[in-house]
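Trainee: got a predicted structure plus its sequence, pasted below:
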Amino acid sequence: MSVRQLSLFKLCIAIAAGVWLGFIAIALTAWLASCYLFPQSLEPLAQAVQQLGEPATVVPQPPNRMFEQYQQNLQKQEQQQVLDQARSNARNLSNPKCQFWLQQDQNAPSEKTRANVLQFCD
């Protein structure tokens, strides 16, 4: 490299460093001014940063809620077994009311259709 190329390289580096340091100075000045002029606007940001440092807490379900879900699942399984038995029972094939409600329960299951299946089917 010649002396002229070296001084041109140094000049480019000096300009880039000056632009970078100027950007940093402007950003810091703007941040300090906003902290001084608008201190309440940074509170949500400070809280968010503080929450990032805290571990997430998992709230367990109370035992009785889990037990209620278990009971509901058992009840649904029992109803499904009764419906399956009603569908597979040969006597229900000749019962038009049972066939109607079985078809209704298959197409649009609801509490009403299930209750009618249990009522009209063996």
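Mentor: Structure's in. What do you need?

Trainee: list the buried residues of the helix or strand of the chain at the bottom of the mean pLDDT ranking.
Mentor: Counting by mean pLDDT, DSSP states H and E, the chain has its least confident helix or strand at helix 43-53, which shows a mean of 72. Buried residues in helix 43-53, counted by 16 or more other Cβ atoms under 10 Å: none are found. Backbone N, C-alpha and C define where each C-beta goes, glycine included.

Trainee: again, but for stretch 96-111
Mentor: Buried, per 16+ other Cβ under 10 Å, within stretch 96-111: Cys98, Trp101, Leu102, Gln104, Asp105.

Trainee: thinking again about what came up before, how far is the helix or strand that the least confident helix or strand of the chain is followed by from where the chain is centred?
Mentor: Downstream of helix 43-53, the first helix or strand assigned by DSSP states H and E is helix 63-88. Distance, stretch centre to chain centre, for helix 63-88: 27 Å (Cα atoms, centre = their mean, to the nearest Å).

Trainee: next SSE downstream of helix 63-88?
Mentor: helix 96-107.

Trainee: that next one packs against which elements?
Mentor: helix 63-88, helix 111-120 (3 or more Cβ pairs under 8 Å, 6 or more residues apart in numbering; DSSP states H and E).
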